[in-house]
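Q: Kindly return the folded structure for what I paste below:
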Amino acid sequence: MDKRLITETDVRAAAGDGKLQVARNTIVTPAARDLAQQLGVALVEGGRAAEREDRRAVRREGGGSTIAMGSDHGGLALKQVLKGFVTGLGFEVSDVGCHSTDSVDYPVFAAKVADMVSEGDAQFGIMVDGAGIGSSMVANKIPGVRAALCYDLTTAENAREHNNANVLTLGGSLIGERLAKEIVRKFLTTPFAGGRHQRRVAMIDGLDQAAAGSRRPAAGC
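A: Residues are numbered from 1 along each chain as shown. Predicted structure coming up:
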């Protein structure tokens, strides 16, 4: 997993190699940059996060973007409507399921959508379940995913402009088709503002690495 916060400790550990791989959107502390210069350690952008972004850039430059879409049985009807709408906006759709009204577990499909985004196989993901809450929780467990449950145009715009969200979750039983379409349109067409928000998004992504390094055994009863 790519580390999202580089400190003096990381620079010292890389002194022998003379270079340190830094994923895009990684925070490098000022002290770490100063030490790298003193020790002659080159900060080289790379890693899996950069490779994923490169694949996304290739899709954007080619004029098309893939949207991973999924649902549980409760969100199937709305997903079917949104698939045609998203295609009409000029995107390609990869439907990961489900494909029937038989009862299924939303975490399975939310994880599939999030995995496609995490691996760079889709630029954005859209997941629809009954309320959208559970799928948001699932998607945000996947490294590199910033999922947002949106229920109006303001939340959709904020999620993209300020948080650079890459997965949208919707509550199929809570909003109608017309509003859902407008939320999707706003989400897919609003650019990330960058600037001061870039640092904050990098801090969000940095929690992936922090969580991986702070696993603790469960306490006894």
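Q: what are the ranges of the helices in this structure?
A: 8-13, 30-39, 48-61, 76-88, 106-118, 133-139, 153-161, 177-189, 196-212 (DSSP state H).
Q: which non-adjacent residue is nearest the residue nearest the centre of the chain?
A: Nearest residue to the geometric centre of the chain (Cα atoms, centre = their mean): Val145, 2.4 Å. Spatial nearest neighbour of Val145, chain neighbours left out: Ala114 (4.6 Å); criterion: Cβ to Cβ, 6 or more residues apart in numbering. For every residue, glycine as well, the C-beta is placed using N, CA and C.
Q: next one: Gly97
A: Gly97's closest residue in space is Phe109 (Cβ to Cβ, 6+ apart), at 5.5 Å.
Q: ok, now which ones touch the one you found?
A: 70-72, 96-98, 127, 135 (Cβ atoms under 8 Å, 6 or more residues apart in numbering).
Q: now with 7 Å?
A: Residues counted as contacts of Phe109 (Cβ atoms under 7 Å, 6 or more residues apart in numbering) are 70-72, 96-98, 127.
Q: and the residue nearest to Val145, how many neighbours?
A: Ala114 has 30 neighbours, counted by other Cβ atoms under 10 Å.
Q: likewise the one 3 residues further on?
A: Neighbourhood size, Val117 [other Cβ under 10 Å]: 25.
Q: Ala31 now?
A: Quick note: Ala31 (other Cβ under 10 Å) scores 11 neighbours.
Q: My read is that it contacts Thr9, right?
A: No: counting by Cβ atoms under 7 Å, Ala31 stays clear of Thr9, with 10.3 Å between them.
Q: Show the contacting residues for Met127.
A: Taking Cβ under 7 Å, 6+ apart, one finds 70-71, 109-110, 113, 135, 139, 167, 169 in contact with Met127.
Q: just Gly75 next, same as before
A: With Cβ under 7 Å, 6+ apart, Gly75 has these contacts: 128-130, 172.
Q: Closest one to Ile27 out of the contacts of Phe109, please.
A: Ranked by distance to Ile27 (Cβ to Cβ), those are led by Met127 at 28.5 Å.
Q: So for that closest one, what's the pLDDT?
A: pLDDT, Met127: 98.
Q: same check, this time on Asp54
A: 50.
Q: cool, and Ala219?
A: In this prediction, Ala219 has a pLDDT value of 46.
Q: how close does the residue nearest to the centre of the chain sit to Leu207?
A: 12 Å (Cβ to Cβ, to the nearest Å).
Q: In stretch 192-200, which of the residues would be classed as buried?
A: Phe192 (16 or more other Cβ atoms under 10 Å).
Q: average pLDDT across that stretch?
A: According to the model, stretch 192-200 has a mean pLDDT of 92.
Q: ok, and what's touching that stretch?
A: 27, 160-162, 164.
Q: Any chance you could give me that stretch in PDB, C-alpha atoms only?
A: Listed in PDB are the C-alpha atoms of stretch 192-200, where the atom choice follows Å, rounded to 0.1, in the frame of the first residue of the first chain:
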ATOM      1  CA  PHE A 192     -12.200  18.900  -8.100                       C
ATOM      2  CA  ALA A 193     -11.200  22.500  -7.000                       C
ATOM      3  CA  GLY A 194      -7.700  21.500  -5.800                       C
ATOM      4  CA  GLY A 195      -5.900  24.300  -4.000                       C
ATOM      5  CA  ARG A 196      -6.300  24.200  -0.300                       C
ATOM      6  CA  HIS A 197      -8.500  21.200  -0.700                       C
ATOM      7  CA  GLN A 198      -5.700  19.100  -2.200                       C
ATOM      8  CA  ARG A 199      -3.800  19.000   1.100                       C
ATOM      9  CA  ARG A 200      -6.900  17.900   3.000                       C
END
